[in-house]
Every structure is written in structure tokens, then in C-alpha cells.
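Visitor: Pasting the sequence and the predicted coordinates here, then a few questions.
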Amino acid sequence: MKFSITSTDKNSKARAGVISTDRGEIQTPIFMPVGTQGTVKGVNQAELSERIKAQIILANTYHIFLRPGLDVINKAGGIHQFINWDKPMLTDSGGFQVFSLSGIRKIKEEGVEFRSHLDGSKLFFTPENVMDTQRIIGADIMMAFDECTPYPCDYNYAKNSMQMTHRWLKRCIERFDSTEPLYGKSQTLFPIVQGSTYKDLRKESAQFIADQGREGNAIGGLSVGEPAEMMYEMTELVCDILPADKPRYLMGIGTPENILEGISLGIDMFDCVMPTRNARHGFIFTSQGIINIKNEKWKNDYSPLDELFTPDYSKAYLKHLIKCNEFLGASIASIQNLSFYLWLVGEARKHIIEGDFCAWKKSTLEVVSRRL
């Protein structure tokens, strides 16, 4: 994987770049739709590629490991072949499940013991077998195994967790560097900065991650309940330490405001379930503002849902579909929201290159953040 910076913004730390992989280029800043189980919910791969213009999507190691299982993925020739997706993919390591499944897991130095949320069977994830699993899945970008700490988090717990994440990273790197891709395409490993909301821990972790010299780096453990200003403060602090010539990935973020603020702080890559999850509940992001399509005011509104992205369906029709729990409603809403997110980062990139990013960001947020 290679990364080149095309332009930088003179009034912020925003930058436009290109990530080159064996499966194609990714123009940054970029938003990556989340396909936890090998599918972006409600959207097929042709729509993802041609209509939404997704350049890279995610899958989740823990969920793919459980279903359909590594044997199925391996026999298919990897995740790309299995789901019919020829563009880049990234896999989370399962580290977020260390956070989200706290009630059914035990953390040890060797790794994490899980109880499957499906049938209660015992699983054990280690830095080594997580690398092996992601090799079998075949993602272009693999994430290191880490612990995502909750918020609020005791300082000593955060420090011990961060140090364990660093030890796990060393084991991930050793396993990754001693193994080869299985499907003829190169893979790369991103370490993850942790440290909760403590400045000294974040600085220590960012420096440790930077010192590993990998091809890209990620920032984890944010957007887990802390105030937005604290998230931005930690992000800026870490971005000032991580190498500028490597892509920076802020994991699990977030709202349009979060993304534009992250871009201004020097982040290149984002992912979040918000566009599709909110879509299924009738919460729609549009180029003119935010719509709760369940509100009665849209019942007789026959204007297009969004002239830019969904001109072929009216607000009234989408309200009807969502109210009736029709699958088509969730699909239309998901395509709309993802199209908006990809448009947003694409416009940010354009204005970074044109040199007026900060002015564009301010005026755009005023429009897209308002409730209609």
C-alpha cells in the first residue's frame, strides 16, 4: 500500500491524498461504509459501487469468523470473491467486540475469551490468530488486535489496557510479518492508538504506534460516549504525533460534523454505522438538512427526497415505506444516507484542493446540520 498527499489546506490540517492498493485507489478523505457481516445493510454491491461511489468498505473479523466461518471464506477465494466486491476492503480486528461484548468476555494477557453471542460457545482471540483470521478473510487493510476502553475509564485501567494493546501490537506485527497473503493481493496492517481521554496516555500511545513504522495508523477508543470536544482534543493531539506521510484512520466516527471536524484535524479515513442504522429508523441526511421521515409533515410531501441523490422517490413515499417496515424503505434510506456521506467527503476533498476548505466547511455545516 502507498499513500501520497495531493494537497493540504492552508488554514487547517486538512489534506487530500490517494491510498494505492492492489485493488485500486482510494481518494482521501474517505468515508468507508460498514459491512459488518459481508454486507452493507440494505444495499447491494452494484449500488455501493456505481450509485453511492464507495471506494472501500468494511467487514468485521469477529462476525465473519462466526458466520459464515473461515472455511467458507477460504473456499470462496477470500471475502472479495465471496461477496462479489472488487474494490478495497478493511477488516476490524474484533477489538471493538472486546468493548461492546463486555458482559460475555474475559481479557487475559494471552488474548480475549468470548462467549459467542449466537450460541454461547467459547471463543479465544489472540493477536496471532486474529492476524491469521484476517489473512484468510483477505482484507486489503487489516487492523491490529486491541482493547477499546469505555468512557468514562479509570486512569490506571486505561494505562494498563494501553500497555497491553501495545504488547499485543508487537505480537500482531511479528505474526503479520512472518506470514503471507493467501489470494495474490498484498495486505497491510494498521496499528491502533489507545489511551482513553488522558493526554499523557494518548501521546505515549501515538508515539509508540508511530515508531512501529507501518503503512498506516488508526485512532481507536473515541466516540464511545465522551463529549465531542474531548474527542476532537484527543484527535488533534494524536494527529500531531502520527507521521504526516501515512494515512490516519479515526475509527467509528460519526456525524457529518464529526467527520468534517476530523478532516480539519488531519484525519483521512472514517467509518460509522450511523448512515445505515439511522436510515432504517427514518433518520435521513440530505443535502438540505436532516429529516425525520416518520414525522407527519412528510405524509403529503411529494417532492424528491433529495434532488442530488434520490430524485426518483418522494418524501411521502419513503414515509409510507418506513411506516410499513418495508425493506425497500430501509434500502432507499440507506442509499440516500451513504450517498450523502460519500458526497460530503468528496466535496471536502475538492475544497481542500481548491483552497477554500474552511469557508466551505462552515457554510456546509450550517445547511446539512439543520433539522427540516
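Guide: Here it is on my side, so go on.
Visitor: Flag the shaky bits of this structure, pLDDT-wise.
Guide: Residues of the chain meeting the criterion pLDDT under 70: 95-96, 98-102.
Visitor: now the strands for the stretch 51-200 of the chain?
Guide: Listed in chain order, the strands of the stretch 51-200 of the chain (DSSP state E, counting those that start in this stretch) span 57-60, 89-92, 105-107, 112-115, 122-125, 141-143, 188-190, 192-193.
Visitor: quick one: which of these is nearest Leu250?
Guide: Nearest to Leu250 among these is strand 192-193 (9.8 Å), distances taken as Cβ to Cβ. Yep, even glycine has a C-beta here, placed from its N, CA and C like the rest.
Visitor: Which strands and helices lie in contact with the closest one?
Guide: Contacts defined by 3 or more Cβ pairs under 8 Å, 6 or more residues apart in numbering; DSSP states H and E place strand 192-193 against helix 199-211, strand 217-219.
Visitor: Of the strands of the stretch 51-200 of the chain, flag the one that's most buried.
Guide: With neighbours taken as mean count of other Cβ atoms under 10 Å, the strands of the stretch 51-200 of the chain reach their highest mean count in strand 192-193, at a mean of 30.
Visitor: Touching that strand from outside, list them.
Guide: Contact partners of strand 192-193, identified using Cβ atoms under 8 Å, 6 or more residues apart in numbering, comprise 95, 143-144, 146, 165, 169, 202, 205-206, 209, 217-221, 238, 242, 251.
Visitor: Look up phi and psi at the residue most central in space within the chain.
Guide: Geometric centre of the chain, nearest residue: Asp271, 2.1 Å, by Cα atoms, centre = their mean. As for Asp271, its main-chain torsions (degrees, to the nearest 10) stand at phi -150, psi 150.
Visitor: Bridged to it, which residues?
Guide: Met32 (DSSP bridges).
Visitor: what are the ranges of the strands in the stretch 251-372 of the chain?
Guide: 269-271, 283-286, 289-292, 304-306, 310-314.
Visitor: Lys75: which of these is closest?
Guide: Among these, strand 269-271 sits nearest to Lys75 (Cβ to Cβ), with 27.7 Å.
Visitor: possible to save the strands of the stretch 251-372 of the chain as TSV with distance to Lys350?
Guide: TSV is the format used below for the strands of the stretch 251-372 of the chain (distance: least, Cβ to Cβ, whole Å):
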stretch	distance to Lys350
strand 269-271	17
strand 283-286	19
strand 289-292	21
strand 304-306	19
strand 310-314	21
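Visitor: Which among those is found nearest to Pro256?
Guide: strand 283-286 (6.7 Å).
Visitor: quick one: terminal-to-terminal distance for stretch 181-195?
Guide: 31 Å (Cα to Cα, to the nearest Å).
Visitor: I meant to write stretch 94-108 there.
Guide: 15 Å.
Visitor: re earlier: among the helices and strands packed on strand 192-193, which is the most enclosed?
Guide: strand 217-219 (a mean of 27).
Visitor: partners of that strand, with directions?
Guide: Partner strands and pairing direction for strand 217-219 (DSSP bridges) are strand 192-193 (parallel), strand 248-250 (parallel).
Visitor: and the angle for the lengthiest helix in the chain with strand 310-314?
Guide: Criterion DSSP state H: the longest helix present in the chain is helix 327-354. For helix 327-354 against strand 310-314, the angle by axes from the mean of the first three to the mean of the last three Cα atoms, to 10 degrees is 150 degrees.
Visitor: Pull out the buried positions in helix 327-354.
Guide: 329-349, 351-352 (16 or more other Cβ atoms under 10 Å).
Visitor: picking up where we left off before, surely the residue nearest to the centre of the chain touches Ile56?
Guide: No: in terms of Cβ atoms under 8 Å, Asp271 does not count as a neighbour of Ile56; the distance is 9.1 Å.
Visitor: overlap in contacts of the two?
Guide: Joint contacts of Asp271 and Ile56 (Cβ under 8 Å, 6+ apart) are 32, 90.
Visitor: Tell me, how many residues neighbour Leu372?
Guide: Residues near Leu372, counting by other Cβ atoms under 10 Å, number 13.
Visitor: now Leu118
Guide: Using other Cβ under 10 Å: Leu118 sits among 9 other residues.
Visitor: Once you drop chain neighbours, what's closest to it?
Guide: Leu66 (6.0 Å; Cβ to Cβ, 6 or more residues apart in numbering).
Visitor: Could you double-check that the one you found lies in contact with Arg115?
Guide: No: if you go by Cβ under 8 Å, Leu66 and Arg115 don't touch, sitting 11.5 Å apart.
Visitor: Now the common contact residues for these two.
Guide: In contact with both Leu66 and Arg115: Leu123, using Cβ under 8 Å, 6+ apart.
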